[in-house]
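Participant: missing the sequence, but the structure's below:
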Ligand SMILES: [Zn+2]
Ligand SMILES: [Zn+2]
């Protein structure tokens, strides 16, 4: 039951020799999602061994080129490879206009459908849901409408405690009711609360992607308790005026967001190319939030399954 983020791009406005513009791949129980799609994403996917045909849906945070230039090449390649499965792209308006233009001039014979779902960047909404995962939009504060995303693994179904089965002599119907979350009604009129006869075999995991944005306490609040937080840290604190002016965060502000969110770990990225070495940014963030790492191109970050002790 995998829950893994792979960094495909962690640079800001332009590519550098070591970093590509923004793109992450998320694997949740072997279902793949792409978050932003900067230039170079196709090659990064190949190097990471992720088959692009397996991508279920794509989430675009905002319509700046460093988050979207790679998408149109990817759409074409998927068609050349014979994709038939529709592909949903969640993106802010006016992505529909850009997509229509691309399809008209470059991919009029595309063998699959690209479906656009609008992300209303000012709203915190459930965007996508399947059996094991929910994806929410997180309003961000940037120069253009932008939203981050929270990927939350659903809580697993309830299991029945073995000792409860013996203690209360639970039958099939009792167990089914308990698994639905119902309390147990005993023949002598006593009620046994559901939580004392059931448990969750593991805890749902979560990943949040907050880029690009000014420091936003509200966004941090909306990803409360997240296991792994990716937060942009385009600048060092010494350049905070520039960060404010361009709608970005400093490493210190990324750490402040992680603290406020009560995150398990913080990954910083979207680094300005002015920093030849990101150590200064990591050190700055670690002063406030020690569990900080700089996102590394091509590296995967696993969120391990924590089994409940029973
Ligand atoms: Zn950007
Ligand atoms: Zn941007």
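Facilitator: That came through, no problem. All of these numbers come straight from a predicted model, not from anything done at the bench. Numbers count the residues shown, from 1 in each chain. Ligands and ions are numbered 1, 2, ... in the order given.

Participant: point me to the residue of the stretch 101-250 of the chain nearest ligand 2.
Facilitator: The nearest approach of the stretch 101-250 of the chain to ligand 2 comes at residue 212, 3.7 Å away (Cβ to the ion). Any C-beta I mention is one placed from the backbone N, CA and C, and that applies to glycine too.

Participant: what parts of the stretch 1-150 of the chain come near ligand 1?
Facilitator: Residues of the stretch 1-150 of the chain lying close to ligand 1 (Cβ under 5 Å from the ion) are residue 66.

Participant: taking the stretch 1-150 of the chain, what residue is nearest to ligand 1?
Facilitator: Residue nearest to ligand 1 within the stretch 1-150 of the chain (Cβ to the ion): residue 66, separated by 4.3 Å.

Participant: isn't the residue of the stretch 101-250 of the chain closest to ligand 2 up against residue 140?
Facilitator: Yes. Between residue 212 and residue 140 there is a contact at 7.0 Å, judged by Cβ atoms under 8 Å.

Participant: any residues in contact with both of those two?
Facilitator: Common neighbours of residue 212 and residue 140 are listed as 61-62, 146 (criterion: Cβ atoms under 8 Å, 6 or more residues apart in numbering).

Participant: more neighbours, residue 212 and residue 140?
Facilitator: residue 212 (27 against 24; other Cβ atoms under 10 Å).

Participant: how far off centre is stretch 34-50?
Facilitator: The chain centroid and the centroid of stretch 34-50 are separated by 15 Å, computed with Cα atoms, centre = their mean, to the nearest Å.

Participant: give me the contacts around that stretch.
Facilitator: 6, 8-9, 11, 15, 20-27, 32, 51-52, 55, 57-61, 65-71, 73-74, 77, 149, 209, 211, 297-298, 300.

Participant: follow-up on the earlier one: name all residues that make contact with the residue of the stretch 101-250 of the chain closest to ligand 2.
Facilitator: By Cβ under 8 Å, 6+ apart, the contact set of residue 212 is 61-62, 64, 67, 140, 142, 146, 232, 234, 247-248, 270.

Participant: how about the helices in the stretch 51-200 of the chain?
Facilitator: Here the stretch 51-200 of the chain has its helices, by DSSP state H, counting those that start in this stretch, at 65-80, 95-106, 162-168, 172-179.

Participant: wait, which of the ones you listed is closest to residue 289?
Facilitator: helix 65-80 (24.6 Å; Cβ to Cβ).

Participant: what angle sits between the closest one and helix 95-106?
Facilitator: Here helix 65-80 runs at an angle of 50 degrees relative to helix 95-106 (axes from the mean of the first three to the mean of the last three Cα atoms, to 10 degrees).

Participant: mean confidence score for helix 65-80?
Facilitator: The pLDDT scores in helix 65-80 average 97.

Participant: could you check how far the residue lying closest to residue 124 once chain neighbours are set aside is from residue 90?
Facilitator: Nearest non-adjacent residue to residue 124, counting by Cβ to Cβ, 6 or more residues apart in numbering: residue 222, 5.6 Å away. Distance of residue 222 to residue 90, computed by Cβ to Cβ, to the nearest Å: 17 Å.

Participant: more neighbours: those two, which one.
Facilitator: Neighbour totals were compared for residue 222 and residue 90, and residue 90 leads with 23 against 19 (other Cβ under 10 Å).

Participant: tell me how this structure divides into domains.
Facilitator: The record's domain parsing of the chain by automatic domain parsing lists 3-156+200-302, 159-198.

Participant: my guess is residue 177 contacts residue 197, does it?
Facilitator: No. Shown here, residue 177 and residue 197 do not form a contact pair, counting by Cβ under 8 Å, at 10.1 Å.

Participant: for the two, list the residues in contact with both.
Facilitator: Both residue 177 and residue 197 are in contact with residue 184, where contact means Cβ under 8 Å, 6+ apart.

Participant: neighbour-wise, which of the two wins?
Facilitator: residue 197 (22 against 16).

Participant: for that one, which non-adjacent residue is spatially closest?
Facilitator: That would be residue 164: by Cβ to Cβ, 6+ apart, it lies 3.8 Å from residue 197.

Participant: can you point out the buried residues in the helix or strand hosting residue 266?
Facilitator: In this structure, residue 266 sits in strand 265-269 according to DSSP states H and E. Across strand 265-269, burial judged by 16 or more other Cβ atoms under 10 Å covers 265-269.
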